[in-house]
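**Q** Got a predicted structure here, sequence first:
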Amino acid sequence: QVQLVESGGGLVQAGVSLRLSCAASGRRISSYGMGWFRQPPGKEREFVAGINWNGGSTDFQDSVKGRFTIFRDNAKNTVYLQMNSLKPEDTAIYYCAADARTYRSRIYTRAGEYEYWGQGTQVTVSS
């Protein structure tokens, strides 16, 4: 079993940066693909960014390309989402997720492909 805990969210003004962290416990996630999803107010959960098990591949939702990066520190069992140039439309609850099928190169964008989820962290961007 893997427990994921997100942190780093908050209330910020448009244009600034935030870094979200996803700390895993219970099992090493170094062989897992990891994803970040978000759920804006009144909308469905959507894929934001993903990274494969060794960090060699990443994928992003079109709206965040060039602004967000995802990276992992397997020694710390942690995955990060660096969010720059934040916009009000980035306001959402951000969730970290783990794809427990080991050593996969592919990054999945559907929430159903991920087995473990964190509780989420709120990001609110004011204009």
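**A** Perfect, thanks for sending it.
**Q** need the contact list for residue 108.
**A** 33, 35, 50, 99, 114 (C-beta atoms under 8 Å, 6 or more residues apart in numbering). In short, each C-beta sits where N, CA and C put it, glycine included.
**Q** repeat for residue 40
**A** Residue 40 touches 46, 89, 91, 92, counting by C-beta under 8 Å, 6+ apart.
**Q** Check the gap between the second one and residue 21 for me.
**A** What it means is residue 89. According to C-beta to C-beta, to the nearest Å, residue 89 stands 22 Å off from residue 21.
**Q** Name the residue in the two with the higher neighbour count.
**A** residue 21 (17 against 11; other C-beta atoms under 10 Å).
**Q** and residue 49, how many residues sit next to it?
**A** Residues near residue 49, counting by other C-beta under 10 Å, number 26.
**Q** Nearest residue to the middle of this structure?
**A** residue 36 (2.2 Å; C-alpha atoms, centre = their mean).
**Q** Just the pLDDT for the nearest residue to residue 104 once chain neighbours are set aside.
**A** In this structure, residue 104 finds its nearest non-sequential neighbour in residue 33, 5.4 Å apart by C-beta to C-beta, 6 or more residues apart in numbering. Per-residue pLDDT puts residue 33 at 97.
**Q** Residue 33: neighbouring residues, count only.
**A** Around residue 33 there are 28 residues (other C-beta under 10 Å).
**Q** can I assume it is in contact with residue 109?
**A** No: when contacts are counted by C-beta atoms under 8 Å, residue 33 is not listed as touching residue 109 (11.0 Å).
**Q** so what's in contact with these two at the same time?
**A** Both residue 33 and residue 109 are in contact with residue 50, where contact means C-beta under 8 Å, 6+ apart.
**Q** count of residues packed around the closest residue to residue 31 other than its chain neighbours?
**A** In space, and not counting its chain neighbours, residue 31 is closest to residue 102: 4.0 Å by C-beta to C-beta, 6+ apart. If you count neighbours by other C-beta under 10 Å, residue 102 ends up with 11.
**Q** In contact with residue 102, which residues?
**A** Residue 102 neighbours (C-beta under 8 Å, 6+ apart): 31, 32, 53.
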